[in-house]
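S.K.: sequence plus the predicted model coming up.
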4 protein chains.
Amino acid sequence: MSKIVSVVYHSGYGHTAKVAEAVAAGAKIDGVSVNLLKADALSDADWLALDASHAIIMGAPTYMGGVSAQFKTFADASSKRWFTQAWKDKIAAGFTNSGSYSGDKLSSLQYLQVLAMQHGMIWVGQAEAAPSLADTQIPTHEDINRVGSWVGLMTQANSKAPADIAPPAGDLETARRFGKRIAEVTKRFS
Amino acid sequence: MSKIVSVVYHSGYGHTAKVAEAVAAGAKIDGVSVNLLKADALSDADWLALDASHAIIMGAPTYMGGVSAQFKTFADASSKRWFTQAWKDKIAAGFTNSGSYSGDKLSSLQYLQVLAMQHGMIWVGQAEAAPSLADTQIPTHEDINRVGSWVGLMTQANSKAPADIAPPAGDLETARRFGKRIAEVTKRFS
Amino acid sequence: MSKIVSVVYHSGYGHTAKVAEAVAAGAKIDGVSVNLLKADALSDADWLALDASHAIIMGAPTYMGGVSAQFKTFADASSKRWFTQAWKDKIAAGFTNSGSYSGDKLSSLQYLQVLAMQHGMIWVGQAEAAPSLADTQIPTHEDINRVGSWVGLMTQANSKAPADIAPPAGDLETARRFGKRIAEVTKRFS
Amino acid sequence: MSKIVSVVYHSGYGHTAKVAEAVAAGAKIDGVSVNLLKADALSDADWLALDASHAIIMGAPTYMGGVSAQFKTFADASSKRWFTQAWKDKIAAGFTNSGSYSGDKLSSLQYLQVLAMQHGMIWVGQAEAAPSLADTQIPTHEDINRVGSWVGLMTQANSKAPADIAPPAGDLETARRFGKRIAEVTKRFS
């Protein structure tokens, strides 16, 4: 049977949108169709697309230590699905972007986990290893899982860099692999 | 010198408002003046009142595992103060209400801590002991810190109960003591 | 194909052991065999049993706001498996017990989630609804998910009550359903 | 009146010890004496030194997503002080080191916060700004708060680098400023 993966995200300045596109591109594997949906502009049809999904990947920038208020508005609106546990046993995953390496992004990802658990969903994380560094080595912009995150995908975009150059190539490739992983796990779940 | 404590909160159905009022009442000790402000309806004067405060106590209901979107909108708007670290070294504290005992309220309180830390604030928690229970004893509605929280104040209001009877008397008394504690600590900080 | 579910736990005073037994009993469904293992007394054979498991359910009391040091010693020792990602894509779940309702148990469960994510595991939570309460109603010792937790299973045992009467019957029944859920999800994953 | 600041830490391979020394050096300001104590080798006199301190700064490496088991053993042993709330209203702060930038270090710092709150302590974070980066800029080993943390101090040490070159100079200078900040806040609290 064919599977449906939805990526639902909010992006304030375009950086998170770029990550969302990379996650969606990675999730497009054989036997999987992908929706890319804006959390702050969901039509009734978009909500039905989420209901029909086998996996929902949620993404938001980290603002002031948590997911953006725009994404939280979507999370609160999902209480309508929560009442009937309509999303129970769907696969869930999450990603977030901010201007510094740690930048309290784990706070956002752990919130997305709590949200998914309230919905009775099943959480899949980021499984690529972080760079193993010797001596005074510094991760490059091409490295995979440069930031070092497993609860979900973390990307870092320089705050004074436009979305066409940030987050860097390695973060976007990590995003593609992350999307692929979520799609593959979704296919293994019946 | 006289101190100013502000309580800034969002309440969806009135339960959190009742807690906020109890916290504010508790904070009104000798030498301390108190502001009670609605996070989703702040005037320019209210923002200046926050700027002038020695302590800011933040409160919100826990919706879908985190502070309400209305409160998060306030948190995101506080980034204007964050840029200049205008709230650095102010005392901070937090409270949250939900329908079940745990109810992922720690997720909300830990978020408020992260927010306060980004502002460079100093966090004071709830310091009353939880009931020490024997055998098959169940905490009553009069018990102090009935829910068992220390990061901040947690109250529990039955979801089908109106704000005039929920949260119960013990939670509101815990709220008063919590407000008093924050005010007292604020007075000790020069 | 038959599936193996392991419950690995630490218990200080017997309360968490009782919960672990209930989780294990619940997980014993058709086509699933169950191991019940003590995290602070693992033989080489026990480690191999964990390696051979399709699901690992982790449990510990919450001491001073986090999983017991005895359990953390097990978590740190699991780094040997982490290096080779030997537990990748196994199902993971968690439970914790403490003396008060909230009692910072979410801190322990979120830690177990982080640990599972570092291992590349897939997290399944507790999916029973909490009691929906009217007016001045208080949850009884027979209620399911009395404490209100979804990230994993939370139980509450009165600190002055022996393990034969605490945690109460409803918490143990919640534990059985939790074990059953983890086993069922494990069977659906190929 | 003179103030006492204690730094209590565990270090597995020497990196966290180097950070602890830098924090302690920074805390040695006028009117403040500093203790540097090993959490896994505390004598009775060391415990009394903690009891006599006005501030306790806690540090541990992040192992498998949380503070090391050695540090957790200390945290659990502190329950003896918790029973009498002997550390109530002391200043608390925390730091952690790991091999990657994020590396789930926030999980460790938030745990230390929960621990401090159970003790009724007052939490002070890291207040230096993170580097503000343009275009494709990468933080250097000299940058302050390179990792981007505010809940406490995060340092990053390459996993294949010895403690004499990792964490880098900028992280150690951040550690000194962090120690200084905790000492200064402690002096302002009467």
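M.R.: That came through, no problem.
S.K.: can you pull the contacts of the closest residue to residue A:28 other than its chain neighbours?
M.R.: The spatially closest residue to residue A:28, leaving aside those adjacent along the chain, is residue A:34, at 5.1 Å (CB to CB, 6 or more residues apart in numbering or on different chains). For every residue, glycine as well, the C-beta is placed using N, CA and C. Residue A:34 makes contacts with A:4, A:5, A:6, A:7, A:24, A:27, A:28, A:179, A:183, as judged by CB atoms under 8 Å, 6 or more residues apart in numbering or on different chains.
S.K.: what's the closest of the residues you listed to chain C?
M.R.: Closest approach to chain C among these (CB to the nearest CB): residue A:183, at 13.8 Å.
S.K.: wait, doesn't that closest one sit right on residue A:33?
M.R.: No: using CB atoms under 8 Å as the test, residue A:183 is too far from residue A:33 to be in contact (9.8 Å).
S.K.: is the lengthiest helix in chain A anywhere near chain C?
M.R.: Counting by DSSP state H, the longest helix found in chain A is helix A:169-187. Yes: part of helix A:169-187 sits close enough to chain C to count as contact by CB under 8 Å from any CB of the partner chain, namely residue A:185.
S.K.: near chain B, which residues of chain A?
M.R.: Checking chain A against chain B by CB under 8 Å from any CB, the hits are A:63-69, A:72-73, A:75-76, A:78-79, A:82, A:104, A:107, A:110-111, A:114-115, A:117-118.
S.K.: what sits against the residue located most distally from the centre of chain A?
M.R.: When each C-alpha in chain A is compared with the mean C-alpha position (CA atoms, centre = their mean), residue A:135 comes out farthest, at 32.1 Å. When the contact criterion is CB under 8 Å, 6+ apart, the partners of residue A:135 are D:158, D:160, D:161, D:165, D:166.
S.K.: measure the nearest residue to the second one once chain neighbours are set aside to residue C:157 for me?
M.R.: With CB to CB, 6+ apart as the measure, residue A:134 is the residue that lies nearest to residue D:160, at 3.9 Å, once sequence neighbours are left out. In this view, residue A:134 and residue C:157 are 48 Å apart by CB to CB, to the nearest Å.
S.K.: now the longest helix of chain A, how far from the centre of its chain.
M.R.: 10 Å (CA atoms, centre = their mean, to the nearest Å).
S.K.: what residues of that helix count as buried?
M.R.: A:170-187 (16 or more other CB atoms under 10 Å in any protein chain shown).
S.K.: does it pack against any helices or strands, and if so which?
M.R.: Counting contacts by 3 or more CB pairs under 8 Å, 6 or more residues apart in numbering or on different chains; DSSP states H and E, helix A:169-187 packs against strand A:3-9, helix A:15-27, strand A:32-38, strand A:55-63, strand A:91-98, strand A:122-124, strand A:153-156.
S.K.: okay if I get the ones you listed as JSON lines plus mean pLDDT?
M.R.: As requested, those are exported to JSON lines (pLDDT from 0 to 100):
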{"stretch": "strand A:3-9", "mean pLDDT": "98"}
{"stretch": "helix A:15-27", "mean pLDDT": "98"}
{"stretch": "strand A:32-38", "mean pLDDT": "98"}
{"stretch": "strand A:55-63", "mean pLDDT": "98"}
{"stretch": "strand A:91-98", "mean pLDDT": "98"}
{"stretch": "strand A:122-124", "mean pLDDT": "98"}
{"stretch": "strand A:153-156", "mean pLDDT": "98"}
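S.K.: out of those, which is closest to residue C:124?
M.R.: Relative to residue C:124, the nearest member of the helices and strands packed on helix A:169-187 by CB to CB is strand A:122-124, separated by 5.4 Å.
S.K.: tell me if the closest one is near chain C.
M.R.: Yes: applying CB under 8 Å from any CB, one finds strand A:122-124 touching chain C at A:122, A:123, A:124.
S.K.: picking up where we left off before, looking at the residues of chain A next to chain B, which are in strands?
M.R.: A:63, A:66, A:67 (DSSP state E).
S.K.: closest one of those residues to residue B:57?
M.R.: residue A:66 (18.4 Å).
S.K.: just checking, that closest one touches residue B:111?
M.R.: Yes: counting by CB under 8 Å, residue B:111 is a contact partner of residue A:66 at 5.2 Å.
S.K.: which neighbours do these two share?
M.R.: A:107, A:111, B:66, B:67.
S.K.: and the last one, how many neighbours?
M.R.: To tie it back to what came earlier, the one meant is residue B:67. Burial measure for residue B:67: 31 neighbouring residues, criterion other CB atoms under 10 Å in any protein chain shown.
S.K.: how close does the residue lying closest to it once chain neighbours are set aside get to chain D?
M.R.: Leaving out its chain neighbours, the residue that sits closest to residue B:67 by CB to CB, 6+ apart is residue B:60, at 4.0 Å. Between residue B:60 and chain D the distance is 18 Å, computed by CB to the nearest CB, to the nearest Å.
S.K.: partner residues bridging residue B:60?
M.R.: residue B:96 (DSSP bridges).
S.K.: roughly how far does residue A:120 sit from residue C:125?
M.R.: From residue A:120 to residue C:125 the distance is 7 Å (CB to CB).
S.K.: overlap in contacts, the two.
M.R.: residue C:150.
S.K.: and the two? Which one has more around it.
M.R.: residue C:125 (27 against 22).
S.K.: surely residue A:140 meets residue A:169?
M.R.: No: look at residue A:140 against residue A:169 with CB under 8 Å: they stay out of range, at 9.3 Å.
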